[in-house]
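Visitor: Have a look; sequence and predicted model below, questions after that.
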Protein chains: 2
Amino acid sequence: MKIALAQLNYHIGNFEGNVSKMLQATKAAKAQKADIIVFGELATCGYPPRDFLEFDDFIKQAQKAINKLAKAAKGIAIVVGSPSTNPVPEGKDLYNSAYFLADGKIKQLQHKALLPTYDVFDEYRYFEPAKEFNVVNYKGKKIALTVCEDIWDLPWGKDGAGIKNPLYTVCPLAELKKQNPDFVLNLSASPFNFKHSKERIKVVKDNVKRFGMPMFYVNHVGAQTELLFDGGSLVVSPNGKVYDEMPYFEECIKTYDLAKVNAGKQKQEQAKDKMTLIHDALVMGVRDYFGKLGFRRAILGLSGGIDSAVTAVIAARALGADNVRCVLMPSQFSSDHSVNDARTLAQNLGTQYDIIPIQSVYESYMKLLEPHFFGTQFNVTEENIQARIRGMLVMSMSNKFGNILLNTSNKSEMAVGYGTLYGDMCGGLSVIGDLYKTEVFELARYMNKDGEVIPENTITKPPSAELRPNQKDSDSLPDYDILDEILFQYIENRRGPKEIIKMGFEEKLVRRVLRLVNINEFKRHQTAPVLRVSAKAFGMGRRMPIVGKYLS
Amino acid sequence: MKIALAQLNYHIGNFEGNVSKMLQATKAAKAQKADIIVFGELATCGYPPRDFLEFDDFIKQAQKAINKLAKAAKGIAIVVGSPSTNPVPEGKDLYNSAYFLADGKIKQLQHKALLPTYDVFDEYRYFEPAKEFNVVNYKGKKIALTVCEDIWDLPWGKDGAGIKNPLYTVCPLAELKKQNPDFVLNLSASPFNFKHSKERIKVVKDNVKRFGMPMFYVNHVGAQTELLFDGGSLVVSPNGKVYDEMPYFEECIKTYDLAKVNAGKQKQEQAKDKMTLIHDALVMGVRDYFGKLGFRRAILGLSGGIDSAVTAVIAARALGADNVRCVLMPSQFSSDHSVNDARTLAQNLGTQYDIIPIQSVYESYMKLLEPHFFGTQFNVTEENIQARIRGMLVMSMSNKFGNILLNTSNKSEMAVGYGTLYGDMCGGLSVIGDLYKTEVFELARYMNKDGEVIPENTITKPPSAELRPNQKDSDSLPDYDILDEILFQYIENRRGPKEIIKMGFEEKLVRRVLRLVNINEFKRHQTAPVLRVSAKAFGMGRRMPIVGKYLS
């Protein structure tokens, strides 16, 4: 038996586009003499469809897509994820299902049982969990269908590998195993983070070892706003070794012979360097954001600092230098090197750049506000005015010429609120908002590994917002090495103040940082979606009260 | 037996404040000779605590709060909602529990079984559902404990009353009934919408009639950012009639004699006029947002139009006129009546107002951008610049003087994207963002019912953004009567294009409106939390993809 896996880039709600892509893949798989072709989870409608699932019209369109695919399932079986309606009145209206299509019709459905409802996932918001498990009989083989999270239970609990603290009280593969299947198909839509590919390989291997069956694991590839799907679809032989792993960050269709997979022969696993993964993920994230929205051109403010530099490099690599416009907006507080470094970067990249000094507009604001500000001192208000003038200038260019503004905030400053709402926090997409400042430096060095793209001075000079004379980030914030570690413990590891202090950090500092994170929730609430590369990014995966009094 | 109900305003994460408030209430209940005092759902930590529940430190603090309350449970039993930890390794780590505290210790827990995970609710994100149900034996009575949603099943399904389409497959009261309880306590945190109080009364009555037991239903009161809790706690006699209903939008502690409740005597139900409810809810929402954040003073831009007028009235009633500062920012496109109407309103309310004309800054921007905009025409870019200058001016005043900026956008314009991001969409809190334009008019008339507060001209003149000469909303948008009805069918009722067209609306218009709603998701993503008064508000209760291609 030959099994084709199709690792594709879907578009949420674009039923026509998704079906046409799957029909093409089916044709290719037939040419490769495949008996079965397998697509990803909720492939008809894209993942995550979110509250569109509450629209009957949307569900009907998914059903139509399934009917079209069923018609094409002649001489080949198609396994594809799509929502299905719950036939009984009790419980949620929908299931998240794997459809088995053969002989021109819907042959069987297996619903997803384990519904991730944590971090970025909301599946129990929409779906009823499966209570029945049945293998599919096809061409003399018994096939176990599972959907994504269905294989992420035992022994993989929320505390990590090997600790027996499963998030669910059911184990779908243990149920299916009772019917002695020959192999497992898993239809996934498993979002990327830079540690995830290792976890994924371990989970698939662990399941194969535990249940003694080969597994074909199909993932999505491509970006859906903040969520990045890296592909890396897997075939694991019954001996628990990886038979094949598909490439990362690109579409792929490939056919496997079950007998050969069963025989087992280990493939070299892909090297997965953190910065390579993050770099490629962000490039894909920007490219798909623009591509799927139907935009081509980006704009961003270039300050001479490292955040905007790294963002510009990603943008140029994702969209082409011709499609990126940089705007340098010096003020009376900008140092010479800022403009020079920014200009050098734009020239290195080959992007268009404009220089628009903000002093005249700043003075015109100050004059207008003078009677109202009479007797007050220069403070954060005037700093914010500069940042907002810049935000407004790039937004004006964006509106006039149809470029999307890229946000250049990093995770450290978003965490502690070191940024101006409606100023440097503007933008349609936050490119590096899930990278701590120390990681931004790492990425900059990675970008320069084959020769200087980002001017060395941008990397080595002390970070500064340059909103008042001789300002440095270190005037207001602790060293980024320390800040980022405290933030990581609080945000990623969800440790409380006592635990973090016990790790050796100064109590006053810890309390100040945690307080800053919590009181700045209102700012993060109003920022762009953040391309997610860590296990805990700001945005849909971290839901915090704005008004509260915990550690604040 | 005497039962005290405490309808209190909690503060998320403010364990000390919440406990001290509950201890005081317990003292008052003792003075009223109560045998039991009942508080709301998750009262120790406030509702909704959201992802703070993932912090062990937060859960420990809730546990400490319970221990303090248990110590005070002498001579009186305390029933209070708080998270508890799941003792078995399988499943989620927490339960959403009702604690029964008596004789100075924790006597019994009943976990919540029905975990709302829809609209603004995320409970299955955190909690394992109860599988066991046990009544509490206390002073010779058997007491059934339920938490909020536990009573919102049969016959109340997601399609409304009377339709047998329950969202859950378990019915907690049916389980508890097997042990013949004498009465039911329900600990709720049930967010307000203007139709909700009627539903609530019906659900409590339906349960009482079905199971033949009196019910004591305790709700929260007060605002938690966007979520408003209206109180209206209920006592329903076994005959299915309302014995008592607590006031709306204020704290209340009251003791009931079970024998008298059982005897039954109907109380006149409160009149619940839509605009009265909305008005009072919004006033409470603004007051609590400021109070709980520790702020006193608001600022807002006053255009002479109806949205900012209604927002200013709410602000003045919530915070006092002395704490509200209005800023009038006319441009060359502003009509005389705009400034006059705005000034009259500020004078009627007695708030401070400043007039800051924006033309000089506008000209300075245009001069700076001239070389870049050379050869282009005045378009939406220049309109946005005006809106953004205004946003920036009020933000500057906000930063300088410590006032929070109130956003004045309405639901209709938020829906179709008729507003400028970082301009008039600025602000820390959206006050009327859950009111369609037609409802804003209704509310304005309601505000004027006892004499003119909002100038009549503000209500009767055609709405205009005044960003170009002689502009009117109706140049770009359909009549609000029609627009709002289409939006309501799409947003609240989740009808698709075909269904809405079938209702008699023009196909081209319907498709255009739905497309506008979907493509403007990116703008709504970056706006302030919206005080929620409808069953489907923008914000945490409506989660949509930004990049997608459905109806767009």
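Guide: Received the coordinates, thanks.

Visitor: How about the residues of the stretch 101-250 of chain A by chain B?
Guide: A:117-118, A:122, A:124-125, A:157-158, A:164-169, A:223-225 (C-beta under 8 Å from any C-beta of the partner chain). Using the backbone N, CA and C atoms, a C-beta is placed for each residue, glycine as well.

Visitor: Quick one: residues contacting residue A:527.
Guide: A:407, A:409, A:414, A:421, A:425, A:427, A:430, A:433, A:538, B:526 (C-beta atoms under 8 Å, 6 or more residues apart in numbering or on different chains).

Visitor: picking up where we left off before, may I ask which of the residues of the stretch 101-250 of chain A next to chain B has the most neighbours?
Guide: When neighbours are counted by other C-beta atoms under 10 Å in any protein chain shown, residue A:223 leads these with 30 neighbours.

Visitor: residues in contact with it?
Guide: The contact partners of residue A:223, taken as C-beta under 8 Å, 6+ apart, are A:229, A:284-285, A:287-289, A:292, A:531, B:547.

Visitor: Based on its surroundings, how many neighbours for the nearest residue to residue A:397 once chain neighbours are set aside?
Guide: Spatial nearest neighbour of residue A:397, excluding adjacent residues (C-beta to C-beta, 6 or more residues apart in numbering or on different chains): residue A:299 at 5.5 Å. Here the number of neighbours of residue A:299 (other C-beta under 10 Å) works out to 26.

Visitor: Ok, the one 3 residues further on next?
Guide: When counting by other C-beta under 10 Å, one arrives at 29 neighbours for residue A:302.

Visitor: One more: residue A:297?
Guide: Around residue A:297 there are 18 residues (other C-beta under 10 Å).

Visitor: quick one: it and residue A:324 touch, right?
Guide: Yes - here residue A:297 reaches residue A:324: they are 7.4 Å apart, a contact under C-beta atoms under 8 Å.

Visitor: Relative to residue A:476, how far out is the residue nearest to residue A:378 when sequence neighbours are not counted?
Guide: Once flanking residues are discounted, residue A:378 sits nearest to residue A:468: 7.1 Å by C-beta to C-beta, 6+ apart. Counting by C-beta to C-beta, to the nearest Å, the separation of residue A:468 from residue A:476 is 11 Å.

Visitor: shared neighbours, the two?
Guide: The contact sets of residue A:468 and residue A:476 do not overlap (C-beta under 8 Å, 6+ apart).

Visitor: For chain A, give me the ranges with low pLDDT.
Guide: Within chain A, the segments meeting pLDDT under 70 span A:154-164, A:266.

Visitor: Scan it for its longest helix.
Guide: Counting residues, the longest helix found in chain A (DSSP state H) is helix A:380-401.

Visitor: residues of it that come out buried?
Guide: A:381-400 (16 or more other C-beta atoms under 10 Å in any protein chain shown).

Visitor: Tell me the helices and strands packed up against it.
Guide: Packing partners of helix A:380-401 (3 or more C-beta pairs under 8 Å, 6 or more residues apart in numbering or on different chains; DSSP states H and E): strand A:298-301, strand A:324-328, helix A:359-373, strand A:404-407, helix B:359-373, helix B:380-401.

Visitor: Generate JSON lines for those, with distance to residue B:19 as supplementary columns.
Guide: Shown next, in JSON lines, are these (distance: least, C-beta to C-beta, whole Å):
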{"stretch": "strand A:298-301", "distance to residue B:19": "48"}
{"stretch": "strand A:324-328", "distance to residue B:19": "53"}
{"stretch": "helix A:359-373", "distance to residue B:19": "43"}
{"stretch": "strand A:404-407", "distance to residue B:19": "41"}
{"stretch": "helix B:359-373", "distance to residue B:19": "51"}
{"stretch": "helix B:380-401", "distance to residue B:19": "34"}
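
Visitor: Pick out whichever of residue A:468 and residue A:476 has more residues nearby.
Guide: residue A:468 (17 against 11).

Visitor: need the contact list for the more buried one.
Guide: Applying C-beta under 8 Å, 6+ apart, the residues near residue A:468 are A:333, A:378, A:382-383.

Visitor: Assign it to one of the three secondary structure states.
Guide: Assigned with DSSP: H, G, I helix; E, B strand; the rest coil, residue A:468 falls in the coil class.

Visitor: The residue nearest to residue A:147 when sequence neighbours are not counted and residue B:10, how far apart?
Guide: Residue nearest to residue A:147 in three dimensions, not counting chain neighbours: residue A:112, with 3.7 Å by C-beta to C-beta, 6+ apart. Note on residue A:112: its distance to residue B:10, by C-beta to C-beta, is 36 Å.

Visitor: dump the residue contacts of residue A:104.
Guide: Contacts for residue A:104 were tallied using C-beta under 8 Å, 6+ apart; they are A:70-71, A:73-74.

Visitor: Show me where the stretch 1-150 of chain A has its strands.
Guide: With DSSP state E, counting those that start in this stretch, the ranges of strands along the stretch 1-150 of chain A come out as A:2-7, A:36-38, A:77-85, A:94-102, A:105-111, A:136-138, A:141-147.

Visitor: Please tabulate those strands in a markdown table, including the columns mean neighbour count.
Guide: Below are those laid out as a markdown table (neighbours: other C-beta atoms under 10 Å in any protein chain shown):
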| stretch | mean neighbour count |
| --- | --- |
| strand A:2-7 | 26 |
| strand A:36-38 | 28 |
| strand A:77-85 | 24 |
| strand A:94-102 | 25 |
| strand A:105-111 | 19 |
| strand A:136-138 | 18 |
| strand A:141-147 | 24 |
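
Visitor: Nearest to residue B:46, out of those?
Guide: Closest to residue B:46 of the strands of the stretch 1-150 of chain A is strand A:94-102 (C-beta to C-beta; 32.1 Å).

Visitor: Just want the angle from the closest one to strand A:141-147.
Guide: Orientation of strand A:94-102 against strand A:141-147 (axes from the mean of the first three to the mean of the last three C-alpha atoms, to 10 degrees) gives an angle of 150 degrees.

Visitor: can you dump the C-alpha coordinates of strand A:94-102 into CSV?
Guide: What follows is strand A:94-102, C-alpha atoms only, in CSV (Å, rounded to 0.1, in the frame of the first residue of the first chain):
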residue,chain,number,x,y,z
LEU,A,94,-19.7,20.4,15.7
TYR,A,95,-17.0,17.8,15.7
ASN,A,96,-13.4,18.3,14.5
SER,A,97,-13.3,15.3,12.1
ALA,A,98,-11.0,13.3,9.9
TYR,A,99,-13.0,12.3,6.8
PHE,A,100,-12.1,9.1,4.9
LEU,A,101,-13.3,9.6,1.3
ALA,A,102,-13.2,6.7,-1.1
